[in-house]
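# got a sequence here, can you build the structure:
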Amino acid sequence: MKNDDRGAGGYRLPLLPLRDIIVFPHMVVPLFVGRDKSLSALEEAMAGDKQLLLAAQRRAKTDDPSEDDIFSIGTVGHIIQLLRFPKGPVKVLVEGRARARIRGFAQSDPFFVCDVEDVDESDDDAIEIQALIRSVQDVFEDYVKLNTRIPPDMLVSVRTIEEPGRLADTIVAHVALKLKDKQELLETPSPARRLERLGELMQGEIEIRQVEKKLRSRVKKQMEKQQKEFYLNEQMQAIQKELGGERDEFKNELNELEQKIKQKKMSKEAKDRSLK
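This is a model prediction of the structure:
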């Protein structure tokens, strides 16, 4: 199936329903595919121009989603690489290309085929856009400082992006957000509103991470204090044990001396003086 199979103002693509992930334009991501319908959709895409629609399920636990279980806004993806294994799922590397809206389903079996149309980004005020770009870049920098999983050179890359829509889509791929929030951002055609909402969500994550950092620091200090107290207690017990042993030894020596004095033939007066 090729994109030449167009309806009025749209085109037709096989659909790959996604669980637990939202793919954005400009995002390259590996996917593991194991369901029969999804594998058939991949086969169809590979036989054509390697394009398919990537759309998330409303409920990730649904094994056999219906048309109503799939969000209407997804991302047109291009298959970069497909790896087959003797057993288990297929691994596919895809690149998100553009937002797309499902206009209808051409078929549901043996795999989903959708009639889709591109979602165009709206024009926003240039001055507002520039202000939002700088603001979101700064907030992302603060976020990266609290997240060691993001490489520092990602900041350099983000600082070079001038296109607002691409900036938002690039950053959101590296921020830990709820799936519903990511879907909301995917469904927002305005770059300005997308940047604004992304900034709000990142700020919320920063506040959470700052609290988590304080809690970790507090727990660490408490553990260090407890370990120090435990070590000191162990030392005290060892010292007391050592001193107790010395006292017992001294007491035994005194008892031995007392017995020796008693055994010697001494006057009562001399014995009394020796035992004092």
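# which helices and strands does the longest strand anywhere in the chain pack with?
Counting by DSSP state E, the longest strand found in the chain is strand 90-107. The contact analysis (3 or more C-beta pairs under 8 Å, 6 or more residues apart in numbering; DSSP states H and E) places strand 90-107 against strand 11-18, strand 28-33, helix 36-47, strand 51-56, strand 73-83, strand 113-118. C-beta coordinates here come from the backbone N, C-alpha and C atoms, glycine included.
# please produce a markdown table containing the ones you listed, extended by distance to Q227, mean neighbour count and mean pLDDT.
Output for the helices and strands packed on strand 90-107, formatted as a markdown table (distance: least, C-beta to C-beta, whole Å; neighbours: other C-beta atoms under 10 Å; pLDDT from 0 to 100):
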| stretch | distance to Q227 | mean neighbour count | mean pLDDT |
| --- | --- | --- | --- |
| strand 11-18 | 46 | 25 | 95 |
| strand 28-33 | 42 | 15 | 94 |
| helix 36-47 | 51 | 18 | 92 |
| strand 51-56 | 46 | 25 | 96 |
| strand 73-83 | 48 | 19 | 95 |
| strand 113-118 | 59 | 20 | 94 |
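# of all those, which one is nearest I171?
For I171, the closest of the helices and strands packed on strand 90-107 is strand 28-33, at 14.9 Å, according to C-beta to C-beta.
# the inter-axis angle of the closest one versus strand 90-107?
Going by axes from the mean of the first three to the mean of the last three C-alpha atoms, to 10 degrees, strand 28-33 is angled at 80 degrees with respect to strand 90-107.
# the helices and strands packed on strand 90-107: which one's closest to S190?
Comparison of these against S190 by C-beta to C-beta identifies strand 73-83 as nearest, at 13.6 Å.
# returning to that earlier point: got a markdown table for the helices and strands packed on strand 90-107, with distance to R216 too?
Listed next are the helices and strands packed on strand 90-107 as a markdown table, based on distance: least, C-beta to C-beta, whole Å:
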| stretch | distance to R216 |
| --- | --- |
| strand 11-18 | 33 |
| strand 28-33 | 30 |
| helix 36-47 | 39 |
| strand 51-56 | 32 |
| strand 73-83 | 36 |
| strand 113-118 | 45 |
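# residues contacting the residue positioned nearest the centre of the chain?
The chain has A176 as the residue nearest its centroid, 5.5 Å off, counting by C-alpha atoms, centre = their mean. When contacts are counted by C-beta atoms under 8 Å, 6 or more residues apart in numbering, A176 touches 147, 205.
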